[in-house]
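Asks: Predicted model, plus sequence, below.
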Amino acid sequence: MELPIFHQRRALLRALGLASTVGGLTALLGCATPERDPPLTEDLAFTWALEAYVYNYPLVYFGRYRALLMLQGDPGKRQKSTWGKWMHKTAPLTPDVVGAPQTDTLYSSLWLDVSAEPMVIDIPNIARRYWSIQFSDLMGTTYGLLNRRNFGAGGQVLITGPGWSGTVPPGMKHFPSATTQSFNVLRLYFADATDQPVAVALQQKFQAVPLSLWQQGQRTYAGRDPGAIYRPVPAKDDPLADFKLIAQMLKENRPSNIPPAERVRFEKLGLMQDGGLEALPVP
């Protein structure tokens, strides 16, 4: 017996496969040649689309989460996120606000876009209190994990994107991200209500600054307005909504760690071409 969610996803994937029969994907698959590639049947399109969806699901998750936090704002803090500025939650979450289980931990989030230049993360000296920063690219891979055990003395971390070939400033720890954008989480412990203000003061010392400004001596940064963030269409309104979102996120991020075989298939499905699937009508 199929689960409803699987049946729903199957219908969505069938829509992508059927699109090729009406000329939608056919136009996007001009790179395929009979000499080298099997003909794209509906079943093959369905299989490739299923693989593409599973592989790229983190982009769907982060694409929708990014739109929520940047266009509507964090439900708990009621503040919109921007690129390059920590959003610090100065109070623990409660059962009324879903999102983090620890009631003795302060959470902070940071969206980075290093497509233009690297970012410097400034970390204070916190050797006697639990804290950690998880650096996660938008493919869901943790590309760096710092805490009091391996970075208790504090310092600076340089975050770079795919293809960056500059020089890491002396003394900085380097974390290259496989995507140009990343979502990063700081967790900081506090013991009780008396200790909470102390933890909040430490929380504010975590900063992110573009490398060029850091080199000019700037140590704080107001962040960059997200501008025209892609607004995903609800899946209920368009069976191809998630695939169109994947195409957009791949266009923005160009992950450097996609295996060649998968990359070729994504290209043939129109997921890595400018314009992507947005030109397709709603089935």
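Replies: It's in. All values derive from a computational prediction rather than experimental measurement.

Asks: use CA for all of it now, contacts and neighbours both
Replies: Will do.

Asks: Please tell me how far L68 sits from S81.
Replies: 9 Å (CA to CA, to the nearest Å).

Asks: Touching both of those two, which residues are there?
Replies: Counting by CA atoms under 8 Å, 6 or more residues apart in numbering, the common neighbours of L68 and S81 are D74.

Asks: and those two? which has more neighbours close in?
Replies: More neighbours surround S81 than the other of L68 and S81, with 25 against 17 (other CA atoms under 10 Å).

Asks: Spit out the contact partners of the more buried one.
Replies: Applying CA under 8 Å, 6+ apart to S81 gives the contacts L69, M70, G73, D74, M87, W111.

Asks: Reformat the residues you listed as TSV; add secondary structure, pLDDT and neighbour count.
Replies: Shown next, in TSV, are the contacts of S81 (DSSP: H, G, I helix; E, B strand; the rest coil; pLDDT from 0 to 100; neighbours: other CA atoms under 10 Å):
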residue	secondary structure	pLDDT	neighbour count
L69	helix	93	17
M70	helix	94	21
G73	coil	83	16
D74	coil	74	16
M87	strand	93	20
W111	strand	98	25
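
Asks: export these to TSV and tack on distance to N184?
Replies: Shown next, in TSV, are the contacts of S81 (distance: CA to CA, whole Å):
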residue	distance to N184
L69	13
M70	15
G73	17
D74	15
M87	10
W111	6
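
Asks: With respect to A201, which of those is nearest?
Replies: Lowest distance from A201 to the contacts of S81 (CA to CA) belongs to M87, with 13.9 Å.

Asks: Would you agree the closest one is in contact with L110?
Replies: Yes - using CA atoms under 8 Å, M87 is in contact with L110, at 6.3 Å.

Asks: mind listing what's buried in the longest helix seen in the chain?
Replies: When the chain is parsed with DSSP state H, its longest helix is helix 42-67. The neighbour-count criterion (16 or more other CA atoms under 10 Å) identifies 42, 45-46, 48-50, 52-53, 56-64, 66-67 as the buried residues of helix 42-67.

Asks: quick one, helices of the protein?
Replies: Assigned by DSSP H, the helices in the chain fall at 4-19, 24-28, 42-67, 148-151, 196-203, 211-215, 241-253, 260-268.

Asks: Show me what P176 is bridged to.
Replies: T160 (DSSP bridges).

Asks: Run a quick neighbour tally on it.
Replies: 18.

Asks: wait, what's in contact with it?
Replies: Y143, L158, I159, T160, G161, P162.

Asks: List buried residues within those.
Replies: The neighbour count (16+ other CA under 10 Å) marks L158, I159, T160, G161, P162 as buried among the contacts of P176.

Asks: Who are the contact partners of the nearest residue to Q218 once chain neighbours are set aside?
Replies: The shortest distance from Q218 to any non-neighbouring residue, by CA to CA, 6 or more residues apart in numbering, is to V209 (7.5 Å). V209 sits next to G84, M119, V120, I121, Q218, R219, T220, Y221 when contact means CA under 8 Å, 6+ apart.

Asks: what about the nearest residue in space to the third one that is not next to it in sequence, distance to L110?
Replies: So the one you mean is V120. Once flanking residues are discounted, V120 sits nearest to L158: 4.7 Å by CA to CA, 6+ apart. According to CA to CA, L158 stands 14 Å off from L110.

Asks: and what of F206?
Replies: Per CA to CA, F206 is found 10 Å from L110.

Asks: overlap in contacts of the two?
Replies: Common contact partners of F206 and L110 (CA under 8 Å, 6+ apart): W86.

Asks: which regions of the stretch 1-150 of the chain lie under the pLDDT threshold?
Replies: 1-38, 75-78, 94-101 (pLDDT under 70).

Asks: Figure out which of the helices of the chain is closest to P92.
Replies: Comparing the helices of the chain under CA to CA, the one sitting nearest is helix 196-203, at 9.4 Å.
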